[in-house]
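*Asks:* model this:
(chains A and B)
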Number of protein chains: 2
Amino acid sequence: MSDTVGSALLGAGGIGSGVIAALEAGAARYAARVGRPLELRHVLVRDTLRPRRGVASALITGDLDVVLGDPDTRIVIELMGGEDPARSYIERCLRAGRHVVTANKEVMAKAGAELLQIANDHGVRLLYEASVGGGIPIIAPLSRDLLANEITAVTAIINGTTNYMLTAMAQNGADYDDVLAEAQDLGYAEPDPTADVEGIDASFKIAVLCGLAFNVAVSPDQVAREGISGLTALDIAYAEQLGYVIKLLARARLVEGEVEATVQPTLVPVEEPLAKVDGVLNAVQIEGDLVGRVVFEGPGAGPGPTSSSVLADVLDVAQDVVAGRAPLAFVPRRTVRVRPPEEHRSRYYLRITVQDRPGVLARIAQALGDAQISIASFIQYEVEGAEGTAELVFTTHHANGGALQRAIGVIESMDVVQEIGNVLPMAGAETPR
Amino acid sequence: MSDTVGSALLGAGGIGSGVIAALEAGAARYAARVGRPLELRHVLVRDTLRPRRGVASALITGDLDVVLGDPDTRIVIELMGGEDPARSYIERCLRAGRHVVTANKEVMAKAGAELLQIANDHGVRLLYEASVGGGIPIIAPLSRDLLANEITAVTAIINGTTNYMLTAMAQNGADYDDVLAEAQDLGYAEPDPTADVEGIDASFKIAVLCGLAFNVAVSPDQVAREGISGLTALDIAYAEQLGYVIKLLARARLVEGEVEATVQPTLVPVEEPLAKVDGVLNAVQIEGDLVGRVVFEGPGAGPGPTSSSVLADVLDVAQDVVAGRAPLAFVPRRTVRVRPPEEHRSRYYLRITVQDRPGVLARIAQALGDAQISIASFIQYEVEGAEGTAELVFTTHHANGGALQRAIGVIESMDVVQEIGNVLPMAGAETPR
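*Replies:* Below you'll find the model as predicted:
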């Protein structure tokens, strides 16, 4: 038996370098906690010739078989990101009897249930705290601390880029394109921002959370997804006047045994905890039958926070390795129906640009009423510099998503309607009816 | 081997009844998760003759030996509260090879290190998630999810009664006595509110958190403690004008290898997450070298939230019982010096009532300057209905607690000074200097 707990790192980018640095800085503490030193034995990279600061060249390899051929490597830390080849590498490691710690939200969202089952079948663990919410403990609390609860809802701000942009839009009245350019300058948004601004990243994370919160398998394509690129400064200003902040919320709910999972710009009442989460911070709110509501808030990205979560998983499994503790059995995920957006019930915000003529409001109100959609509030705004044009802003009581879409179709076809500006769901406490 | 996992409950008050109800309601889910049904085999109460709703009378006993004489009772859930006899009962259970789950902050604060060592020596676990923060997962995140961090500070609102009262004082401008009476009417405060309003309850909890965050043993008497009974509506109004909210903060910091632990009414900048935690909610903010800052918020008391934490511990240990997993070794707590308040460094708020005469300000400023205390802001208020009297409100830069006390002594002895209204620490981001 080795006198260390050996590990290998797959990927040595920004996060990988952070993990290597943290492993070195905390070595003595970690050894005391685990009972043996942790030893990094291999670092797998694509380009083995490029020198890497802080990584002994003897550790570098480009070949997973080198890692798997070393019986003293018990834990593999996957930080490559992306689906391919990370997913197949994780699977090979598990099948070779290695514990795996990953920060890979895409792989866990698309193949988590399958990989967890493979880990179970090979007597090893697959841990993934860093895949959602960066440094915020969220996966372990759901899998352990809140396990006694029937979880009914998870509501989260889990993409720092978009939250930074929405916060800037709300605080400066700036428009989408300007804050995107600024976020790119600051390094908060990628040159191609699609994965963040279109909610793809958040859809991976909420799919992972569905597995944990409800023990159901939800694939990212089953998440009803809408990004923030269609938002305007106007929507944000109108929301503020109504007492709301617009956040890109990732939400999952268990309703009558079925799941609703969405990533959408959503109006959040200013007094709600999530409305106060600004900038690149992330937050996850969980509702359970016993606990009521708990909120976890913290930094959702970056080498330090991500290393915190990766190494928590590494220490956990290393303690088990030293103690010879077998993993707990994996409880397979249930498959339940995922409701399409037409079946969701929500309050909604509608912004409609119309010709300012008598009878317009009556016709729109009639179309909403015909679809059984009840108006909660209504404001009409003059549009600056566009005489004869008005903006109508409605909020509705709880309504059926499909009925709303049909009503929007009717309204859109009216000759007096210039444009459906935006249709957004609203979060909040009003009881569904 | 039993085909259930047997447990016993010590204490069947409000929390105990909540746990019994939750065990029944979740029985099928818990059995699926653990792999065997959980079976409640004994309920120990003081008065065995009193009928208890929801508890089969065959389970009732007044004798711990009945519990310990039953080999199928593997987990004992202690919910009696208070130090005596809970502490000795827990110890007896551990020595008899029973896992113990407790919500007892007083016992864990006063004897946690010792009891955890006894558990370790007898191959059983002692879990105590419910002892701090009610339903908020906080102990498991500190023991697991943030384990890779060097934790530098824990800052918490962990007493719902006082937070309710301070919120009411801030929102209504009400005085201490009025909100206390109201809180008692609503059942948020006990008929004898001492343990809450004097910060005793919070001092137990921060002592427990010191053990987890820094792995050091801190006893509750080492916590510098001040309650909220000396606060006035004036202090809260002045704080608001300065951009602060007064909260009863429990704080622990690791400074140069020594611990500072306090429970004090503290001025918190309005933009800080903890300033926004209102009513009976609790919140715990943790700072670590890797993660930066994370905040956990939720209900800090009540049968539901407490049951959520108690049963999380029960499920955790029941899974180990079924899997035959041995507990991890307990890493004994270090003993480090706990700094007395004279050595703390903080910013401070001072309210001083003086005769409104020329030269008074100069004399007080001189006394502060002589003690190397640098004034950050100063406001003079007229006192309504008391001509010739003025209130001086100072905030200081970071200062030494002992130096401040000496300066206060000098100021108090001045003939022009009528009263030292209040001296409170200030939390916030200003760098110590």
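*Asks:* tell me the mean pLDDT for stretch A:170-189?
*Replies:* For stretch A:170-189, the mean pLDDT works out to 93.
*Asks:* How about A:Lys247: what's its closest non-neighbour residue?
*Replies:* Of all residues not flanking A:Lys247 in the chain, A:Val268 sits nearest, at 5.1 Å (Cβ to Cβ, 6 or more residues apart in numbering or on different chains). Bear in mind the C-beta positions are built from the backbone N, C-alpha and C, glycine included.
*Asks:* Contact partners for the spatially closest residue to A:Gly428 that is not a sequence neighbour?
*Replies:* The shortest distance from A:Gly428 to any non-neighbouring residue, by Cβ to Cβ, 6+ apart, is to A:Pro269 (4.7 Å). By Cβ atoms under 8 Å, 6 or more residues apart in numbering or on different chains, the residues touching A:Pro269 are A:Gly243, A:Tyr244, A:Ala275, A:Ala427, A:Gly428, A:Ala429.
*Asks:* go on, A:Pro425?
*Replies:* Contact analysis of A:Pro425 by Cβ under 8 Å, 6+ apart lists A:Thr262, A:Gln264, A:Thr266, A:Leu267, A:His344, A:Ser346, A:Arg347, A:Tyr348, A:Tyr349.
*Asks:* and the gap between the third one and B:Gln366?
*Replies:* Pointing back at A:Thr266 there. 57 Å (Cβ to Cβ, to the nearest Å).
*Asks:* who has more neighbours, these two?
*Replies:* When A:Thr266 and B:Gln366 are compared for neighbours, A:Thr266 comes out ahead with 27 against 14, by other Cβ atoms under 10 Å in any protein chain shown.
*Asks:* how about the longest helix seen in chain A, does it get close to chain B?
*Replies:* Ordering each helix of chain A by length in residues (DSSP state H) puts helix A:303-323 first. Yes. Helix A:303-323 is in contact with chain B by Cβ under 8 Å from any Cβ of the partner chain, via A:304-305, A:307-312, A:314-316, A:319, A:323.
*Asks:* What subset of those is buried?
*Replies:* Neighbour counting by 16 or more other Cβ atoms under 10 Å in any protein chain shown classes A:Gly304, A:Pro305, A:Ser307, A:Ser308, A:Ser309, A:Val310, A:Leu311, A:Ala312, A:Val314, A:Leu315, A:Asp316, A:Gln319 among the residues of helix A:303-323 next to chain B as buried.
*Asks:* and the residue located most distally from the centre of chain A, backbone torsions?
*Replies:* What lies farthest from the middle of chain A is A:Pro358; by Cα atoms, centre = their mean that is 45.1 Å. Backbone torsions of A:Pro358, given as degrees, to the nearest 10, read phi -60, psi 140.
*Asks:* that older thread, with pLDDT added, can I get the buried ones among the residues of helix A:303-323 next to chain B in a markdown table?
*Replies:* Output for these, formatted as a markdown table (pLDDT from 0 to 100):
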| residue | pLDDT |
| --- | --- |
| A:Gly304 | 95 |
| A:Pro305 | 95 |
| A:Ser307 | 96 |
| A:Ser308 | 96 |
| A:Ser309 | 96 |
| A:Val310 | 97 |
| A:Leu311 | 97 |
| A:Ala312 | 96 |
| A:Val314 | 98 |
| A:Leu315 | 97 |
| A:Asp316 | 96 |
| A:Gln319 | 95 |
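*Asks:* Which one of these is nearest to B:Val336?
*Replies:* Nearest to B:Val336 among these: A:Leu315, at 22.3 Å, using Cβ to Cβ.
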